[in-house]
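Undergrad: Pasted the sequence and its predicted model underneath.
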Amino acid sequence: MSQQPPASGRGREVLRLAVPAFLALVAEPLFLLADSAIVGHLGTSALAGLGVASAVLLTAVNIFIFLAYGTTAVVARRLGAGDQRGAISAGVDGIWLALLLGTAGALVTALLARPLVELFGAGPEVVTEAVTYLRWSALGIPPMLVVLATTGVLRGLQDTRTPLIASVAGFSANAVLSLFLVHGVGWGIAGAAIGTVIAQTGMALALVVVVVRGARRLGSSLTFHGAGVLRAARGGIPLLVRTVALRTALLITTWTAAGLGDEQLAAHQVAMTVWSTLAFALDALAIAAQALTGRTLGAGDVVGTRETTTLMVRWSIWFGCGLTLLIVALHQVVPLGFSQDPEVRAALAAALLVVAVGQPIAGIAFILDGVLIGAGDTRWLAWAQIAATLAYLPMVLAVYASGVVGTAGLVWLWVAFTGFMAVRAALMWRRAQGERWMVVGAVR
């Protein structure tokens, strides 16, 4: 059994993992923020098209988030049980799975780009811009999934600094490339997509090199093992179900926003990107929760798991309150950087106030999600997410059926979405109060 830190040192250990994870996670949505700012100056249709295409692209990538989350939990558990070689081997299986799923996802997304975009009911100019962005961006799906898998391996090994370095380098390259290709070369929205693809590919290659070096040092196999890849795929099914249910809620939200008007859809795109950035910031503690929960339960430390969970929940609530104050202070400033259209700016400023209010609620939901993923309690999470999405449907349909459009409609849409996050938080809070999720050992 590995040595666990005393209670007084748990806060420092959480920060050691969470601070680099925070910086890396904030850098990731900056890919979209950079594209939003650059594309926004091409016009409202381009920005709205980016919003629709981003919703499809993020769905195509994020349904496979188990490549990061599931791998983190498995690797951390084996590390806690003292099986470092087995931890690396499990991670390599996840990388092979990422390549297979990424290739299939890229083909499907590119071939079905137009019908997928048309599902949102946006205007013809918006559809044209969205299809262009989505088809080029499909090339980046394989490297995006490899980044997820390799990041999961490193987080499971309690290393969040390396993904940070890769994220910062990738974001910097993306910002420069997109600006040059969109406005310098004149490729429009396609240039933004191509710049992101190049940056994501560079990130994937760099992280694979790090994992390969670690595997060779420990004598772990790097070859394709069908049984191991199948085991990784089977273990990820509950998280896949959870993520599909979550993405369904997000897609329904974007679909509803598309019916409020092009200006409101453009504002919603930026508001959702800001929300995603804040979500990744809050998720930093959840990443630490995944790694630490997996390791402590792998080592049989139930008391330490409970103490660390309590600490991180408290921190996450306070962090959410801090983000609330920050967004309230900046809700009139942020829109200035994304659009010249006064109607888009007004709608975005109003939506951001609702985004701000929901941050402490989101903090609870994200941290407990991370704890339960780290514990391997994925089957329960799948059912809980389905329940939360079903509870959200009447809320969002009420907004749609009300006939309220414009800024007021967008505000009510975000009120409904905040209600969805409250349901998620309540379900996971109840689960965390029990003990059935705290199963010890290298394998759940």
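TA: Now that the structure is in, tell me what you want to look at.

Undergrad: so where do the strands sit in the stretch 1-150 of the chain?
TA: Under the criterion DSSP state E, counting those that start in this stretch, the stretch 1-150 of the chain carries no strands.

Undergrad: should've said the stretch 301-444 of the chain
TA: With DSSP E, counting those that start in this stretch as the criterion, the stretch 301-444 of the chain has no strands whatsoever.

Undergrad: and stretch 341-351, C-alpha only, in PDB?
TA: The C-alpha coordinates for stretch 341-351 follow below in PDB (Å, rounded to 0.1, in the frame of the first residue of the first chain):
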ATOM      1  CA  ASP A 341     -23.200  44.500 -33.800                       C
ATOM      2  CA  PRO A 342     -24.900  46.300 -31.000                       C
ATOM      3  CA  GLU A 343     -27.700  43.800 -30.800                       C
ATOM      4  CA  VAL A 344     -25.200  40.900 -30.400                       C
ATOM      5  CA  ARG A 345     -23.400  42.900 -27.700                       C
ATOM      6  CA  ALA A 346     -26.600  43.600 -25.700                       C
ATOM      7  CA  ALA A 347     -27.700  40.000 -25.800                       C
ATOM      8  CA  LEU A 348     -24.300  38.700 -24.800                       C
ATOM      9  CA  ALA A 349     -24.000  41.100 -21.900                       C
ATOM     10  CA  ALA A 350     -27.400  40.000 -20.500                       C
ATOM     11  CA  ALA A 351     -26.600  36.300 -21.000                       C
END
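
Undergrad: so how far is that stretch from its chain's centroid?
TA: Computed by Cα atoms, centre = their mean, to the nearest Å, the chain-centroid distance of stretch 341-351 equals 25 Å.

Undergrad: List of residues touching that stretch?
TA: If you take Cβ atoms under 8 Å, 6 or more residues apart in numbering as the criterion, stretch 341-351 is touched by 44, 47, 263-264, 266-268, 270-271, 331-332, 334-336, 338-339, 406-407, 410-411, 414. All C-beta spots, glycine's among them, are computed from the backbone N, C-alpha and C.

Undergrad: Quick check, M144 in contact with V61.
TA: Yes - counting by Cβ atoms under 8 Å, V61 is a contact partner of M144 at 5.0 Å.

Undergrad: if you count what's nearby, which of the two comes out ahead?
TA: Just comparing M144 and V61: by other Cβ atoms under 10 Å the higher neighbour count belongs to M144, 28 against 23.

Undergrad: among the contacts of stretch 341-351, which ones are buried?
TA: 44, 47, 263-264, 266-268, 270-271, 331, 334-335, 338-339, 407, 410-411, 414 (16 or more other Cβ atoms under 10 Å).

Undergrad: Now, these that are in helices?
TA: 44, 47, 263-264, 266-268, 270-271, 407, 410-411, 414 (DSSP state H).

Undergrad: buried sites along stretch 79-86?
TA: Neighbour-count burial for stretch 79-86, counted by 16+ other Cβ under 10 Å, picks out 79-81, 83-84, 86.

Undergrad: ugh, wrong one, I meant stretch 375-388
TA: Those would be 375-378, 380-382, 384-386, 388, for stretch 375-388 by 16+ other Cβ under 10 Å.

Undergrad: what's the average pLDDT for it?
TA: Averaging pLDDT along stretch 375-388 gives 94.

Undergrad: what do you get for stretch 40-57?
TA: pLDDT averaged over stretch 40-57 gives 82.

Undergrad: lowest-pLDDT helix or strand in this structure?
TA: Each helix and strand of the chain was given a mean pLDDT (mean pLDDT, DSSP states H and E); the minimum falls on helix 30-40 at a mean of 72.

Undergrad: number of nearby residues for the spatially closest residue to Q84 that is not a sequence neighbour?
TA: Leaving aside its sequence neighbours, Q84 sits nearest to L218 (Cβ to Cβ, 6 or more residues apart in numbering; 6.2 Å). L218 has 13 neighbours, counted by other Cβ under 10 Å.

Undergrad: A55 versus L218, what's the distance?
TA: 40 Å (Cβ to Cβ, to the nearest Å).

Undergrad: same check, this time on A215
TA: For A215, the distance to A55 - Cβ to Cβ - is 36 Å.

Undergrad: And those two? Which one has more around it.
TA: Neighbour comparison, A215 and A55: the larger count goes to A55, with 27 against 19 (by other Cβ under 10 Å).

Undergrad: I'd say that one and L119 touch.
TA: No - look at A55 against L119 with Cβ under 8 Å: they stay out of range, at 9.9 Å.

Undergrad: all helices for the stretch 1-150 of the chain, in order.
TA: In the stretch 1-150 of the chain, the helices defined using DSSP state H, counting those that start in this stretch lie at 10-27, 30-40, 44-62, 66-80, 84-111, 113-118, 124-137, 141-156.

Undergrad: which helices and strands does the fourth one pack with?
TA: Think helix 66-80. Applying 3 or more Cβ pairs under 8 Å, 6 or more residues apart in numbering; DSSP states H and E, one finds that helix 66-80 contacts helix 84-111, helix 141-156, helix 226-258, helix 262-298, helix 359-374.
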